[in-house]
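Student: From the sequence below, what's the structure:
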Amino acid sequence: MQFSTHNIISKAVGSEAYDVYEHMRSGQHPNWKGKRTCALTVLVFKPINKDQSKELNNQKAKNANYLGAGAAGISTLVTRSKTAGFVSGALARKYALDKLRSWDEGDILVRFDARVSGGVGPQGHMRVLVIKRSVYDPNTVNP
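Tutor: Coordinates of the predicted model:
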């Protein structure tokens, strides 16, 4: 499978596609082979630009602020202490900022969408892979 002229991107996408395919086939009895087909769609998007990365990072900050405000409100109600509310809110915001992804110009998004029909009913699985700009040289990627 070749998804890009860049080896690192092609290997990452191929490996993830294989993992998604195997995930969808898990639990199938060996004698059922071929009776439940898996349709796998792979979408490789163009690298995100500066405006898109800025907007995504702004959304990250907003989500962290909302989580911090919610944690502060709940803590203040439960403990009846504004200090405890402030501390828990600040900690929740910091935790969210540490855990949520930071976006950079040139990051590539790859979407995997798998569907299996048969058995109990149709099943599906969707996964998104982010290939960071630091992993590849953006000047060698085909637009």
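Student: Counting neighbours, what do you get for residue 131?
Tutor: 22 (other C-beta atoms under 10 Å). Using the backbone N, CA and C atoms, a C-beta is placed for each residue, glycine as well.
Student: what's near enough to touch it?
Tutor: Applying C-beta atoms under 8 Å, 6 or more residues apart in numbering to residue 131 gives the contacts 8-9, 12, 107-110.
Student: backbone phi and psi for it, please?
Tutor: Residue 131 adopts backbone torsions of phi -100, psi 110, taken as degrees, to the nearest 10.
Student: Would you mind measuring from it to residue 11?
Tutor: 10 Å (C-beta to C-beta, to the nearest Å).
Student: again with residue 112
Tutor: In terms of C-beta to C-beta, residue 112 sits 15 Å off from residue 11.
Student: For those two, work out which one has more neighbours and name it.
Tutor: The neighbour comparison of residue 112 against residue 11 (other C-beta under 10 Å) goes to residue 112, with 21 against 13.
Student: what secondary structure does that one sit in?
Tutor: strand (DSSP: H, G, I helix; E, B strand; the rest coil).
Student: Just confirm residue 132 contacts residue 104, I think it does.
Tutor: Yes. If you go by C-beta atoms under 8 Å, residue 132 and residue 104 touch, sitting 6.8 Å apart.
Student: And those two? Which one has more around it.
Tutor: Neighbour count, other C-beta under 10 Å: between residue 132 and residue 104, residue 104 has more, with 16 against 13.
Student: which element is the residue nearest in space to the middle of the chain on?
Tutor: A centroid search over the chain (C-alpha atoms, centre = their mean) returns residue 128, at 4.6 Å, as the residue closest to the centre. Using DSSP states H and E, residue 128 maps to strand 123-131.
Student: can you pull the buried residues of that strand?
Tutor: 129, 131 (16 or more other C-beta atoms under 10 Å).
Student: Return the distance of it from the chain's centre.
Tutor: A distance of 7 Å separates the centroid of the chain from that of strand 123-131, by C-alpha atoms, centre = their mean, to the nearest Å.
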